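**Student:** Sequence and predicted structure, then a few things I'm wondering about:
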Amino acid sequence: MTALADILRAQIRAVGPMPVDDYMALCLGHPQHGYYVTRDPLGAVGDFTTAPEISQMFGEMIGLWLARVWLDARRPAPFRLVELGPGRGTLMADALRAARVAPGFAEAAELWLVETSPALRAEQARRLPAAQWADRLEAVPEGPTLLVANEFLDALPVRQFIANGRGWCEKRIGLDGERLVWGLAPPQPGDCDTPEGTWREESPLADRVAAEIARRIAAQGGAALIVDYGYRAADRPPGFTLQALRAHAPADPLEAPGEADLTWLIDFDRLAAGLAPLASACAPQGAFLGRLGIGRRAAQLAAAQPGAADAVADALERLTAPAQMGTLFKALAAWPAGQPVPPGFEEAR
Ligand code: SAH
């Protein structure tokens with residue numbers, strides 16, 4: 001067992017079973033042993049890979065999106081270009097290169113990265129020397145804001161509840177001897193009408209981030225683009241979505257705390273509601289990237305480097321095919337009501 005497991009056991013012995021959000025916050029963010037604190041988890045040798053690490057085309061499409069939205073907003077200068085959870089900084093480096101199609105964009109952009117991991121901040125600094133860092137969005141100075149977040153919200157601590165016929169019971173982590181085990185808190189009295197077995201996941205931190213994005217952009221202009229894996233009401237999964245990934249394979253979330261990535265699936269309808277009063281639209285990642293021209297970009301890259309044509313085709317397939325990242329991953333844009341609908345969302349709801 002890990003050093004973090006000892007800390008978790010001691011805490012559970014001292015104060016009792018731990019809600020899932022506290023467990024997740026410690027596993028991912030403990031100042032010495034947290035998963036994101038101790039390593040760069042991304043890429044082929046890490047535990048998981050993300051769209052910007054698969055191909056430069058992903059960040060480039062987001063760069064074109066940012067450039068278009070900036071032009072449509074009549075080129076605010078300066079503006080805050082914010083990324084939440086930038087990983088290695090790959091997405092933003094690719095986006096800035098592509099956004100050169102809009103003269104003046106780079107000069108007007110004041111780049112802010114919201115990142116808590118020292119290991120990943122160091123990676124980001126290598127690729128984005130002009131960046132400034134903040135621990136939370138609230139610390140980024142006010143002003144017109146174009147914000148991007150890819151696979152960020154799914155890493156924020158989530159709480160889980162299940163209805164047992166008498167009320168909602170919160171899932172918790174307790175101890176069976178030395179072993180970490182799942183348990184349930186007694187029901188919160190009140191809402192005994194919910195059918196038994198109904199589940200709910202909610203992240204107070206993700207809700208707060210959404211509210212802060214909405215506040216800033218409603219007051220000062222801009223737009224947000226949030227990409228993540230998740231679902232709409234029509235395809236809500238049958239049960240809890242929290243999962244652990246270790247070396248690209250599913251793992252038991254309680255098995256090796258601090259050694260595995262923990263994520264959950266975003267409820268995009270809840271997210272859209274949390275971004276009110278902004279207008280918003282959601283599209284499957286494949287459709288979104290297709291409308292921005294990823295197919296044309298792939299053809300260009302393949303023509304420029306015939307030796308890489310297979311790799312480009314493979315990356316295009318991974319990013320856009322329904323059986324791969326094309327539909328499970330979704331893009332959600334949010335903007336002040338009354339402004340033009342951002343590119344890629346013209347036909348989305
Ligand atoms: N967007 C990147 C990385 C996704 S992994 C990509 O697509 O490759 C999640 C990122 O969010 C990491 O950079 C992680 O360190 C960061 N992160 C996780 N929790 C955070 C928090 N509470 N505040 C700020 N950043 C956080």
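**Tutor:** Sure, I can see it.
**Student:** quick one, phi/psi of the residue lying closest to residue 137 once chain neighbours are set aside?
**Tutor:** Of all residues not flanking residue 137 in the chain, residue 212 sits nearest, at 5.0 Å (C-beta to C-beta, 6 or more residues apart in numbering). To be clear about C-beta, it is placed using only N, CA and C from the backbone, and glycine gets the same treatment. Residue 212 adopts backbone torsions of phi -70, psi -40, taken as degrees, to the nearest 10.
**Student:** Double-check residue 212 against residue 134; I have them as touching.
**Tutor:** No: contact between residue 212 and residue 134 fails when scored by C-beta atoms under 8 Å: they sit 11.7 Å apart.
**Student:** quick revisit: and for the residue nearest to residue 137, the neighbour number?
**Tutor:** Residue 212 has 15 neighbouring residues, counting by other C-beta atoms under 10 Å.
**Student:** low-scoring stretches of this structure, by residue?
**Tutor:** Applying pLDDT under 70 to the chain picks out residues 1, 43-44, 190-191, 349.
**Student:** okay, stretch 156-166 in PDB with CA atoms only?
**Tutor:** Extracted C-alpha coordinates of stretch 156-166, given in PDB (Å, rounded to 0.1, in the frame of the first residue of the first chain):
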ATOM      1  CA  LEU A 156     -12.300  17.900  -9.900                       C
ATOM      2  CA  PRO A 157     -13.600  16.100  -6.700                       C
ATOM      3  CA  VAL A 158     -17.100  14.700  -7.100                       C
ATOM      4  CA  ARG A 159     -19.700  13.600  -4.500                       C
ATOM      5  CA  GLN A 160     -21.900  10.600  -5.000                       C
ATOM      6  CA  PHE A 161     -25.400   9.900  -3.700                       C
ATOM      7  CA  ILE A 162     -27.800   7.000  -4.000                       C
ATOM      8  CA  ALA A 163     -31.500   7.000  -3.000                       C
ATOM      9  CA  ASN A 164     -32.500   4.100  -0.700                       C
ATOM     10  CA  GLY A 165     -36.200   4.600  -0.500                       C
ATOM     11  CA  ARG A 166     -35.900   6.800   2.700                       C
END
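**Student:** quick revisit: quick check: the residue nearest to residue 137 vs the ligand, distance?
**Tutor:** Distance from residue 212 to the ligand, counting by C-beta to the nearest ligand atom, to the nearest Å: 12 Å.
**Student:** ranges for the strands of the stretch 151-300 of the chain?
**Tutor:** Secondary structure of the stretch 151-300 of the chain, counting by DSSP state E, counting those that start in this stretch: strands at 159-163, 168-176, 179-184, 199-202, 222-231, 243-246, 249-251, 261-263, 266-267, 279-284.
**Student:** Would you mind putting the ones you listed into JSON lines with mean neighbour count and distance to residue 76 alongside?
**Tutor:** Formatted as JSON lines, the strands of the stretch 151-300 of the chain follow (neighbours: other C-beta atoms under 10 Å; distance: least, C-beta to C-beta, whole Å):
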{"stretch": "strand 159-163", "mean neighbour count": "20", "distance to residue 76": "37"}
{"stretch": "strand 168-176", "mean neighbour count": "18", "distance to residue 76": "43"}
{"stretch": "strand 179-184", "mean neighbour count": "14", "distance to residue 76": "48"}
{"stretch": "strand 199-202", "mean neighbour count": "17", "distance to residue 76": "34"}
{"stretch": "strand 222-231", "mean neighbour count": "24", "distance to residue 76": "8"}
{"stretch": "strand 243-246", "mean neighbour count": "18", "distance to residue 76": "39"}
{"stretch": "strand 249-251", "mean neighbour count": "12", "distance to residue 76": "44"}
{"stretch": "strand 261-263", "mean neighbour count": "22", "distance to residue 76": "33"}
{"stretch": "strand 266-267", "mean neighbour count": "24", "distance to residue 76": "28"}
{"stretch": "strand 279-284", "mean neighbour count": "20", "distance to residue 76": "18"}
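**Student:** Figure out which of these is closest to residue 301.
**Tutor:** Across the strands of the stretch 151-300 of the chain, residue 301 has its closest neighbour in strand 222-231 (20.8 Å, C-beta to C-beta).
**Student:** just how off-centre is that closest one within its chain?
**Tutor:** When C-alpha coordinates are averaged (C-alpha atoms, centre = their mean, to the nearest Å), strand 222-231 and its chain have centres 8 Å apart.
**Student:** Quickly run through the sheet partners of it, with directions.
**Tutor:** Counting by DSSP bridges, the strands paired with strand 222-231 are strand 145-150 (parallel), strand 266-267 (parallel), strand 329-335 (antiparallel).
**Student:** Which one of those strands lies nearest to the ligand?
**Tutor:** Closest approach to the ligand among these (C-beta to the nearest ligand atom): strand 145-150, 3.8 Å.
**Student:** quick one: is the closest one near the ligand?
**Tutor:** Yes: applying C-beta under 6 Å from any ligand atom, one finds strand 145-150 touching the ligand at residue 150.
**Student:** Okay, and the residue lying closest to residue 59 once chain neighbours are set aside sits in which element?
**Tutor:** Among residues not flanking residue 59 along the chain, residue 94 sits closest, at 2.7 Å (C-beta to C-beta, 6+ apart). Residue 94 is part of helix 90-98, with elements assigned from DSSP states H and E.
**Student:** Packing partners of that helix?
**Tutor:** helix 51-54, helix 56-72, strand 79-84, strand 109-114, helix 118-127, strand 145-150 (3 or more C-beta pairs under 8 Å, 6 or more residues apart in numbering; DSSP states H and E).
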